[in-house]
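>>> with the sequence up front, the predicted model follows.
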Amino acid sequence: MGTNFEVSSRVKEALADGKGVVALESTIISHGMPYPQNLETALALEEEIEKAGAVPATIGIIQGKAIVGLSNEGIHFLAQNAKKINKTARRDIPNIIGLGKNGATTVSSTMFLAKKAGIQVFATGGIGGVHRGASKSFDISSDLTELGRTNVAVVCSGVKSILDIGMTLEYLETQGVPVLGYQTDKMPAFYTRESSYFCDSKIDTIEDLSKIISAKWNIGLEGGVVVANPVPEKYSYPAGEIEDVIKSAILELERFGVTGKDITPFLLGKIKDVTKGKSLETNIELVKENARVAAALANEMVRKPL
């Protein structure tokens, strides 16, 4: 990518010195939360990773340059200009870079750019997946195909509960992506600690997670790994309660005819409004917990490298 791709000096040094590095997406800044919570959360995630002894690498595209390891100024820019920032999945990277635009990376584009920089671990809130009603809309997130081909471990609180969790797990199986429940056998459902679906395996220690991920890539099995980490119990919603809120938000979505990239921000915004901000608090706390787990995993993987 030449002059259109930059790895910050701090991230370069960490990778060269064999330190744990954790990638962070930037759509959580521009499309996942309102200002100023988006800025506060982005900085808090970096702080959590630093506290755990790893190095954060927030990824975004500014004026046509993909940057792995955004500066504080870059994070502030994305947070304060959120409405002008393009939500950027893998397919959008050429458009955003080629035309010198500003872009916030989703799971798929963050994975691609993290792998290009040599980063093995990525922390996010929840991965995208198969949307409810996908049998008619065929709306399936590019996150899933990226997980099928890019060697990055993604620590998340499962699939966003606005999606079809069962169909998403089926799609991940087809893509050959292991779904490892960290200290849980049930698949987390973002706002809630568990769903009615099971992970492929329950893994109780960071060391064992590292062993499994390393074994996958050492043997030549290409593609990512989902590390499903439940939201802290204190912030978990009762499953039935949040499902009612989601169904109501989906009805609003259909009434207004919202489609494409606007679906997820619209639904998350409606859920935040109905829950009077409590869902946003849950979102913030779960992604912080994922950052902590990702930092521990990144540190373990460099202690026992591939």
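That came through, no problem. Numbers count the residues shown, from 1 in each chain.

>>> list the buried residues of the least confident helix or strand in the chain by mean pLDDT.
Least confident helix or strand of the chain, by mean pLDDT, DSSP states H and E, is helix 134-137 with a mean of 74. If you call a residue buried by 16 or more other Cβ atoms under 10 Å, then helix 134-137 has these buried ones: A134. For every residue, glycine as well, the C-beta is placed using N, CA and C.

>>> who's in contact with it?
With Cβ atoms under 8 Å, 6 or more residues apart in numbering as the test, helix 134-137 has contacts from H131, I140, D164, M167.

>>> out of those, which one has the lowest pLDDT?
The member of the contacts of helix 134-137 with the lowest pLDDT is H131, at 82.

>>> neighbours around that one, how many?
As a burial measure, H131 scores 22 neighbours (other Cβ atoms under 10 Å).

>>> next one: D208
Neighbour number of D208 under other Cβ under 10 Å is 14.

>>> what's the distance between it and V177?
18 Å (Cβ to Cβ, to the nearest Å).

>>> next helix or strand past the least confident helix or strand of the chain?
Moving toward the C-terminus from helix 134-137, the first helix or strand encountered (DSSP states H and E) is helix 142-149.

>>> okay, and which of the contacts of helix 134-137 map to strands?
Among those, no residue falls in strands (DSSP state E).

>>> which one of these sits closest to G269?
H131 (16.6 Å; Cβ to Cβ).

>>> now the closest one. Nearest residue, chain neighbours left out?
D139 (4.0 Å; Cβ to Cβ, 6 or more residues apart in numbering).

>>> next up, the contacts around that neighbour.
Shown in contact with D139 (Cβ under 8 Å, 6+ apart): V130, H131, G133, I263.

>>> I'd like to know how many residues surround the third one.
Here the neighbour count serves as a burial measure; for G133 (other Cβ under 10 Å) it reads 12.

>>> got it, and the first one?
Other residues lying near V130 total 24 when counted by other Cβ under 10 Å.

>>> for it, give its distance to S141.
Counting by Cβ to Cβ - V130 and S141 are separated by 8 Å.

>>> shared neighbours, the two?
Joint contacts of V130 and S141 (Cβ under 8 Å, 6+ apart) are L163.

>>> closest one of the contacts of D139 to N299?
Set against N299, the nearest of the contacts of D139 by Cβ to Cβ is V130 (32.9 Å).

>>> check contacts around the nearest residue to the closest one once chain neighbours are set aside.
Counting by Cβ to Cβ, 6+ apart, V130 lies nearest to M167, which is 4.0 Å off, once chain neighbours are set aside. Listed by Cβ under 8 Å, 6+ apart, the contact partners of M167 are G129, V130, A134.
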